[in-house]
Structures are given as C-alpha cells and as structure tokens.
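In: what follows is a predicted protein model with its sequence.
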Amino acid sequence: MLYAHPQGHVFYRSMNHPRPMIAYGQGIYLYDESGKRYIDGSGGPLVVNVGHGRTEIVEAMTRQAQAAAYVHATMFTSEPLEQYAAALAEMVPLSEPRFYFLSSGSEVVEGAIKLARQIQMARGQERRHIILSRWNSYHGMTLGALAVSGRPGLRSPYLNMLRDVPHIPTPYIYRFPLSGEELAGRLEEAILAHGAEYVAAFIAEPISGASLGAALPPDDYWPRIRAICDRYGVLLIADEVLVGLGRTGTMWAMEHWATTPDILVTSKGSAGGYFPLGFIAARGADVEQVRAALGDFNHGGTFSHHAVGAAAGLATLGILQREKLVENSAAMGRLMGARLREALAEHPHVGDIRGRGLFWGVELVEDRDTKQPFPKKQNVAHQIVDRAFELGLIIYYSVGCVDGVNGDVVMLGPPLITNAAQLEEMVALLAEAIRAELGD
Ligand code: PLP
C-alpha cells in the first residue's frame, strides 16, 4: 500500500511521493500499518534524538496538558517553562543566558535575526540592520529565514520577494580546499564591502546541515570568524537547529572549536519530535539591555513559550543527560565514520564521507577523479532514499550542493540512543541501497 489515502484531502511538499500509514514507533524503529519495520536512520530530518515511544515524555506532556494545556506568554509563566530554562541555563555557554521559546527552526531563526537587530538598537547602533549569511546553507522556510538561507533551489520561486542578503561561501573542503583564514577572510570582506556600521549579525550553521551533509570547517575557521565579528561589532548567531543538543558528539557543535556565539538557536531535537519546539538563547546582559533601552522584544507568537512544549523539552533533556546520549553520540559517531568508510570509501561513486557524532553525509559523484556530480535529472539521492526505504532504512538527503542544482548527498542521523549493533545494520543497509542503485 503506497498512498495511504489516495482519496484523502492532505497535500504535501513532495506531491509525487507516496507514503505509507504509520502505526507506531519504538526506540530507533518505526512500524507501518502493514507491520513493516523501518530503522529511523535519520529521525526524519534529524529530529528523533531520544527515540520513539518514550513514555516519560508523553507523561510529562500529559500532566501539563491536564493541568493547563495553554496559557498565553503575555499573561502567565508555567512551572515546566521555568524549570526547562533553568536546566538549559546550566548547559548553554552564554553568560546568564535567557531563552525565548518558539515552535520551529524557522521561527527561532526569524526571532534571532530580529533579536540581533534589537540588541544593536539597544546598544545605540541604530544603523546596523544587515544580516550576513552563507551559500549552501539552510535556515528555514519563512521569508526572512529563507532570505538568509543559501539554497538556490528553495529560494528561486520567491527571489523577488526575498530581502537581498549578502552571502559568503561555506566551508566545503571536499570541493574547495580553502584554508580557514581564506574562508573567514570572506566574512571580513563582506563586512567591509557593506560597511561595518550597517552590519548587525552573521548567521551560520557550525557544521553544515542538510545543504552540504555534515561538511566540517577547517579547525581555525570558527575562532577566526569569532575574532572578525568582535573586531567589527557584528553579532555571531550560531544556527544549531540541526547540530545542537548532542547531535555531533558535543552538546553544542560550536564546542568543537571552543567558540561561543552571541546568540544560539536550536530546535529539531529539543523535544525529540514529541512537540514542535525550539529556542533562542542570548546573554542575559544583552536581553537586559534590550529591556532597558527598548522596553520589549518586538516579536511574539501565539504558541511561544508553550507549557506542554516546555514539559516535553525538559523531559527530553532529562533523558539526554541521564542516559549520557551526548557521550554516546560521540562514541557511536566514531564507529559510524569507521564503518561507513569500510563499507563505502572504495565505491566508485562515493566521492566523500564526512561527519561528526551521529551526523554523517555521503556525497555521491558520477566520477570520483573529477568529482563530476550526477546530472540532477538522474535523481540519484532520491533513488537511494527510496531504495533504502524499501529495505527498511530511513535516511535523509539533499540535492544541489555543487552548484545549486546538481550534487547528491545522503545522510545518516539516527536517534542518539543508537547502539553499535543497530549502527552496523544501518550502515549495511545504506551500502546495500547505494549498490542497488549505483552498482558495485
Ligand atoms: N536551521 C537549520 C540549520 C535547519 O536545518 C532547519 C531545518 O532543516 C531550519 C533552520 C528550519 O527549521 P524548521 O524546518 O523546523 O522550520
């Protein structure tokens, strides 16, 4: 059974893609209505951090929903919200941090951009309004977040509706072996070209997420970017929507380079998929300055600071800490890298294998020597995703990394509870799917 409800009334993003009806999930597995088992090798788009079927989270949400399912953030606070923020304050590397809770990655990015603008206004830097960002990046679906995103394929229908945001290149060492100094230098050039006094912030993903499939920067990249932002009074926004909360083997991906942003946003895994949740983290002093100078943070939403969401986030964070899942992500990540390389490094159509923690990307190419990508019309990444799905493995993918159109990456990003045996099975199934589509 492919279309669960061919006569149904739902429409989706991928309109030509059939989908079975989900029955339930447990641990790293999902089961459809027919009883078929799938390994959730990517947690959808890197969401399911603590696994499916965690009754502890469901119970925490139920308790709060029964007590008071909804109160508006302009009128009440709630116990789980205050507790969650206090717990997060212990683990976010910003001094005296404050948190603003929303419902998706796109929303926290929008909020962070506006907060950066308001922090600059509160500092008396009224002219600073430009947000700099990078190509080969994704920050969200809303028009503001899409404007800072660097994915031509997603932007193209809306180009004349998007604010013209200056983009610099993203580290993509497999194809562009530039040094950290050269790459960071592009930020300084952009700041100077637009006038430092007009630039409010620079937003970027610490490790490239869906657009480049876990491409890592050179080791000196982030410290250099930090120094440039400081030199010109530009705020650094780390978009940890995908890579935050243990995904890459540290709580925050920026920790790999001992770099602290001014504003940090995260979302996907924060409530493990049990509730749509994300948050903006900022330094207490900056938030206080906005309050003192401007009175309010001029940004609000009906579902912000949701009490049930906070209960889900707090319970998810509890599991992450108690089960030492960040440590597991680091250990399993090393194994995943090794196994992927054993299984695929010699494959004639595997160009690059890259990643950190439990987030890995495999870039597929037509020709390994020239790094020539497959033509888009061959739909290689998509075919592999479909084949893996048939084999019972869910993976994530991205197209367009080479030039906005061509370039195929498939990704693994399983729940952080994954053990070694499960990981071996995932890698074996991924290799089988790649071989089935592209030969030996
Ligand atoms: N930022 C990053 C780095 C992402 O990967 C995504 C989603 O993939 C977003 C923002 C947008 O998040 P959402 O899809 O929850 O709106």
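Out: Nice, I can see it.
In: wait, Leu317 sits on Ala87?
Out: Yes. With contact defined as CB atoms under 8 Å, Leu317 counts as touching Ala87 (5.7 Å). Any C-beta I mention is one placed from the backbone N, CA and C, and that applies to glycine too.
In: out of the two, which sits in the busier spot?
Out: It is Leu317, of Leu317 and Ala87, that has more neighbours when counted by other CB atoms under 10 Å, with 23 against 14.
In: so what touches the helix or strand harbouring the more buried one?
Out: Leu317 is part of helix 307-322, with elements assigned from DSSP states H and E. Residues from elsewhere that reach helix 307-322 (CB atoms under 8 Å, 6 or more residues apart in numbering): 49-50, 54, 56-57, 59-61, 63-65, 68-71, 78, 80-81, 83-85, 87-88, 101, 103, 245-246, 269-272, 274-277, 279, 303, 325-326, 416.
In: excluding residues flanking it in the chain, which one is nearest Pro93?
Out: Residue nearest to Pro93 in three dimensions, not counting chain neighbours: Thr260, with 5.0 Å by CB to CB, 6 or more residues apart in numbering.
In: OK, contacts around Glu205?
Out: Counted by CB under 8 Å, 6+ apart, Glu205 has contacts 134, 137-139, 170, 238-243.
In: kindly report the same for Ala201.
Out: So Ala201 contacts 112-113, 116-117, 120, 131-132, 234-237, 262-263 (CB under 8 Å, 6+ apart).
In: of these, which belong to helices?
Out: The members of these that map onto helices under DSSP state H are 112-113, 116-117, 120.
In: sorry, back to before: in the helix holding Leu317, what counts as buried?
Out: 307-320 (16 or more other CB atoms under 10 Å).
In: same thing with stretch 290-305?
Out: The neighbour-count check on stretch 290-305 (16+ other CB under 10 Å) flags 290, 297, 299, 303-305 as buried.
In: what does stretch 23-37 give?
Out: 25, 27-30, 32.
In: same question, stretch 177-187
Out: 178, 180, 183-184, 186-187.
In: among the residues you listed, list the two that are farthest apart in space.
Out: Leu178 and Leu187 (12.7 Å; CB to CB).
In: returning to what we had before: closest one to the ligand out of the buried residues of helix 307-322, please.
Out: Gly309 (13.1 Å; CB to the nearest ligand atom).
In: per-residue pLDDT, the closest one?
Out: Looking at Gly309, its pLDDT stands at 98.
In: the stretch 1-150 of the chain against the ligand: which residues are in contact?
Out: 45, 104-106, 109, 138-141 (CB under 6 Å from any ligand atom).
In: doesn't Ala60 make contact with Phe275?
Out: No. If you go by CB under 8 Å, Phe275 and Ala60 don't touch, sitting 10.1 Å apart.
In: would a markdown table of the buried residues of stretch 290-305 with pLDDT, secondary structure and distance to Ala200 be doable?
Out: Converted to a markdown table, those look like this (pLDDT from 0 to 100; DSSP: H, G, I helix; E, B strand; the rest coil; distance: CB to CB, whole Å):
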| residue | pLDDT | secondary structure | distance to Ala200 |
| --- | --- | --- | --- |
| Val290 | 98 | helix | 13 |
| Phe297 | 94 | coil | 15 |
| His299 | 90 | coil | 15 |
| Phe303 | 97 | coil | 26 |
| Ser304 | 97 | coil | 22 |
| His305 | 98 | coil | 25 |
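In: same list (the residues you listed) but as JSON lines, adding distance to the ligand.
Out: Listed next are the buried residues of stretch 290-305 as JSON lines, based on distance: CB to the nearest ligand atom, whole Å:
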{"residue": "Val290", "distance to the ligand": "23"}
{"residue": "Phe297", "distance to the ligand": "20"}
{"residue": "His299", "distance to the ligand": "16"}
{"residue": "Phe303", "distance to the ligand": "13"}
{"residue": "Ser304", "distance to the ligand": "14"}
{"residue": "His305", "distance to the ligand": "17"}
